[in-house]
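how would this look folded up:
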Amino acid sequence: MADLKSTLPNATPEAGLPPPLAALWWAAKGDWDAAHKIVQDESDANSAWVHAYLHRVEGDLSNASYWYRQAGQPVAKDGLEAEWERIASALGGSKA
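Residues are numbered from 1 along each chain as shown. Sure thing, here's the model as predicted:
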């Protein structure tokens, strides 16, 4: 997984990160349960995209496919690291 400092803002979720970025923050910290809880009840496309990524990392490809469809994203064909960087860059506007 990419270095958190280079892909996400230097803020904690408590500092008001939007749900998809907060979920990525928790995932980078290794707390997958917290990451899932943040995005599972959100209805926006970015949260669905992050939720798809979390399922993909865990090897749950049927749920990942479902969430990619909800996000309007094609099922990712690139590596997990590349997808992490693409998502973090798109959501955070960083130069990852």
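
any idea of the mean pLDDT for the one helix or strand residue 54 maps to?
Assignment of secondary structure by DSSP states H and E places residue 54 within helix 45-57. Helix 45-57 comes out with an average pLDDT of 95.

hmm, who's touching it?
When contacts are taken as C-beta atoms under 8 Å, 6 or more residues apart in numbering, the neighbours of helix 45-57 outside the stretch itself are 18-20, 23-24, 27, 32, 35-36, 38-40, 42, 61, 63-68, 70-73, 76, 80, 83-84, 87, 90-91. Placement of C-beta: from N, CA and C, glycine included.

Can you say which of those are buried?
When those are checked for burial by 16 or more other C-beta atoms under 10 Å, the buried set is 19-20, 23-24, 27, 35-36, 38-39, 42, 64, 67-68, 70-71, 73, 76, 83-84, 87, 91.

quick one: the closest residue to residue 63 other than its chain neighbours and residue 32, what's the gap?
Counting by C-beta to C-beta, 6 or more residues apart in numbering, residue 63 lies nearest to residue 55, which is 4.2 Å off, once chain neighbours are set aside. Separation of residue 55 from residue 32 (C-beta to C-beta, to the nearest Å): 10 Å.

Over to residue 79?
When residue 79 is compared with residue 32 (using C-beta to C-beta), they lie 18 Å apart.

Kindly format the C-alpha coordinates of the helix holding residue 54 as CSV.
Extracted as CSV, the C-alpha positions of helix 45-57 are listed here (Å, rounded to 0.1, in the frame of the first residue of the first chain):
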residue,chain,number,x,y,z
ALA,A,45,-20.2,6.7,-5.9
ASN,A,46,-16.9,7.5,-4.3
SER,A,47,-17.8,5.6,-1.2
ALA,A,48,-18.9,2.7,-3.3
TRP,A,49,-15.6,2.7,-5.2
VAL,A,50,-13.7,2.6,-1.9
HIS,A,51,-15.9,-0.2,-0.7
ALA,A,52,-15.2,-2.1,-3.9
TYR,A,53,-11.5,-1.7,-3.3
LEU,A,54,-11.7,-2.9,0.3
HIS,A,55,-13.6,-6.1,-0.8
ARG,A,56,-11.0,-6.6,-3.6
VAL,A,57,-8.1,-6.4,-1.2
